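**Q** Provided below for reference: sequence and predicted model.
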Amino acid sequence: MMEETTCKPDYSNSMAEHLGIRFLPSTEDAVHAEMPVDHRTSQPFGMLNGGASLALAEIVAGHGSTSLCREDEYACGVQVSGNHLSAVPVGGKVFATGKLIHRGRSSHIWNIDITTPQGQLVSTVRVVNFILKKNNPDSKWLNITKASNENTYIIEWNIRHPFFKPYIDDPQFLVIMQQFTFALALSEIEARRISVDGKIDAGTIRMKMNEILKSVMRGDL
């Protein structure tokens, strides 16, 4: 038997809070939640809205995938498809049970069954989540940004990046990196300058970088 998950995202000011969704004890491969059938989740004629059921299913699947993500990852829903099988009147509630049926490195697939307290199947939903990397500012070892001055560029190294770890103690490291960074930055600037549509390709970058590196080695720059 799998242990209960400790995933507790903050759902305040979110759709989950707005719909009154409450999570119940869950495991890594089975997520349980409940949702009231009231003015927030019903159709004008007093029945559970199918859109609310789909939202419940996607939130349950997202909750489950989030509990499986590493710290540098997050889950993003990319596909939801479902079938609504029975109606539920206002005044009750429904339960959702999400089961993980595929766990890959870049995607999760969940099947969510929504039922009444008596166990009657209301909707069955399939949700696909992509697992994406967070935009971590430490993920880039070099940043080149254009300053307010049209001819000025700001070059920043991120020495916390793993790229630098093997070389950081080398006394020649700073000299080499200065030359390399200078050449890389200038090659991109020059490649963009000669481009017709502003787009550059790897071949142009390599050509310009070779030219600039030769000039750096000769002491011309």
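**A** Okay, I see it.

**Q** what's the single longest helix in the chain?
**A** helix 173-194 (DSSP state H).

**Q** for that one, give the mean pLDDT please.
**A** In this model, helix 173-194 carries a mean pLDDT of 72.

**Q** which strands or helices does it pack on?
**A** Packed against helix 173-194, as judged by 3 or more Cβ pairs under 8 Å, 6 or more residues apart in numbering; DSSP states H and E, are the following elements: strand 142-146, strand 153-157, helix 202-218. Yep, even glycine has a C-beta here, placed from its N, CA and C like the rest.

**Q** only alpha carbons, please: show it as PDB.
**A** The C-alpha coordinates for helix 173-194 follow below in PDB (Å, rounded to 0.1, in the frame of the first residue of the first chain):
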ATOM      1  CA  PHE A 173      39.700  30.400 -16.300                       C
ATOM      2  CA  LEU A 174      38.800  34.100 -16.200                       C
ATOM      3  CA  VAL A 175      41.100  35.000 -19.000                       C
ATOM      4  CA  ILE A 176      39.700  32.300 -21.300                       C
ATOM      5  CA  MET A 177      36.100  33.000 -20.300                       C
ATOM      6  CA  GLN A 178      36.500  36.700 -21.000                       C
ATOM      7  CA  GLN A 179      37.800  36.000 -24.500                       C
ATOM      8  CA  PHE A 180      35.200  33.400 -25.200                       C
ATOM      9  CA  THR A 181      32.300  35.500 -23.800                       C
ATOM     10  CA  PHE A 182      33.500  38.600 -25.700                       C
ATOM     11  CA  ALA A 183      33.700  36.600 -28.900                       C
ATOM     12  CA  LEU A 184      30.300  35.000 -28.400                       C
ATOM     13  CA  ALA A 185      28.500  38.200 -27.700                       C
ATOM     14  CA  LEU A 186      30.100  40.100 -30.600                       C
ATOM     15  CA  SER A 187      29.400  37.200 -33.000                       C
ATOM     16  CA  GLU A 188      25.700  37.300 -32.100                       C
ATOM     17  CA  ILE A 189      25.600  41.100 -32.500                       C
ATOM     18  CA  GLU A 190      27.400  41.000 -35.800                       C
ATOM     19  CA  ALA A 191      25.200  38.100 -37.100                       C
ATOM     20  CA  ARG A 192      22.100  40.000 -36.300                       C
ATOM     21  CA  ARG A 193      23.500  43.200 -37.900                       C
ATOM     22  CA  ILE A 194      24.100  41.500 -41.200                       C
END
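
**Q** quick check: buried residues in that helix?
**A** Within helix 173-194, the residues that count as buried by 16 or more other Cβ atoms under 10 Å are Met177, Thr181, Ala183, Leu184, Ala185, Leu186, Ser187, Glu188, Glu190, Ala191.

**Q** next one: stretch 112-120
**A** Ile112, Asp113, Ile114, Thr115, Thr116.

**Q** all helices for this protein, in order.
**A** 15-18, 50-68, 173-194, 202-218.

**Q** using CSV, lay out those together with distance to Glu156.
**A** Below are these laid out as CSV (distance: least, Cβ to Cβ, whole Å):
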stretch, distance to Glu156
helix 15-18, 38
helix 50-68, 32
helix 173-194, 10
helix 202-218, 19
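
**Q** closest one of the buried residues of stretch 112-120 to Glu73?
**A** Closest to Glu73 out of these is Ile112 (21.3 Å), distances taken as Cβ to Cβ.

**Q** could you give the bridge partners of that closest one?
**A** Beta-bridge partners for Ile112, by DSSP bridges, are Gly98, Val125.

**Q** lovely, talk soon.
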